[in-house]
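In: only geometry, no sequence info:
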């Protein structure tokens, strides 16, 4: 393996190890020693790539931002009502948070490093402006009910993303707040509740003509040439 390739592999390993650590214990409680041990490299090797914990956190946030922007850009390229794109962005970002510790760490670091709000690669910057633009477009394409307050819906999405970041990391938080209805019932995952929330919200914000076709549980391309949409998952069952 070429020296440059090994160096890049080490850098990626350090970013992932840092993400796992930041996601687990947060920025303040993370140390370079702990991160280097998790990556299986010496502290000197870590310092060769990253001079400080701040630099390493910046790299994690940049990687998380790129992953989120990739998801958001893919959703924005889909055909369909702009309001559906907003719903899809919340579901796709929730799925990203579920499967990718780098994304979770980036979202957590955005909360725990106030100075990071000025970074161009801040987690929220990956999706917030895109959501606002889509909501403004939803007024134009008629999917948003006339008179709906775009800012209020954008704040709702921000609340959803903040809650998802916490509950995806620790399902016990949601289970404690909303215990299963039966003793033997498993707690529902965060995305199931995300669908339920959109089901409650859509009749208040979606235009009547669009309401029957909007999918609270999200949609994604089937791979058909015509770009038809397929559901991400089954609609949450009513209690």
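Out: Here it is on my side, so go on. Here the structure is a predicted model, which means the values were calculated and not measured.
In: how far away is the most centrally placed residue in the chain from residue 121?
Out: By CA atoms, centre = their mean, the mean C-alpha position of the chain lies nearest to residue 93, the distance being 3.1 Å. Distance, residue 93 to residue 121, using CB to CB, to the nearest Å: 16 Å. Every residue, glycine included, has its C-beta placed from N, CA and C.
In: before we move on, what about residue 157?
Out: Taking CB to CB, one finds residue 157 at 20 Å from residue 121.
In: on that earlier part again, so what secondary structure elements neighbour whichever strand or helix holds the residue nearest to the centre of the chain?
Out: Element membership for residue 93, per DSSP states H and E: helix 82-99. Contact here means 3 or more CB pairs under 8 Å, 6 or more residues apart in numbering; DSSP states H and E; on that basis helix 82-99 packs against helix 53-76, helix 101-112, helix 128-141, helix 150-169, helix 190-205, strand 219-221.
In: That one: which residues count as buried?
Out: Neighbour-count burial for helix 82-99, counted by 16 or more other CB atoms under 10 Å, picks out 82-97.
In: Quick one: residues contacting residue 74.
Out: Applying CB atoms under 8 Å, 6 or more residues apart in numbering, we find residue 74 in contact with residue 92.
In: same check, this time on residue 207
Out: Residues counted as contacts of residue 207 (CB under 8 Å, 6+ apart) are 142, 143, 144, 145, 146.
In: 10 Å - rerun?
Out: Shown here is residue 207, whose contacts under the criterion CB atoms under 10 Å, 6 or more residues apart in numbering are 81, 83, 138, 139, 141, 142, 143, 144, 145, 146, 148, 214.
In: Can you list the low-confidence ranges for the protein?
Out: Scanning the chain for pLDDT under 70 picks out 1, 114-120, 171-187, 221-239.
In: and if we set it to 90?
Out: Within the chain, the segments meeting pLDDT under 90 span 1-11, 39, 41-48, 111, 113-122, 147-148, 165-193, 219-239.
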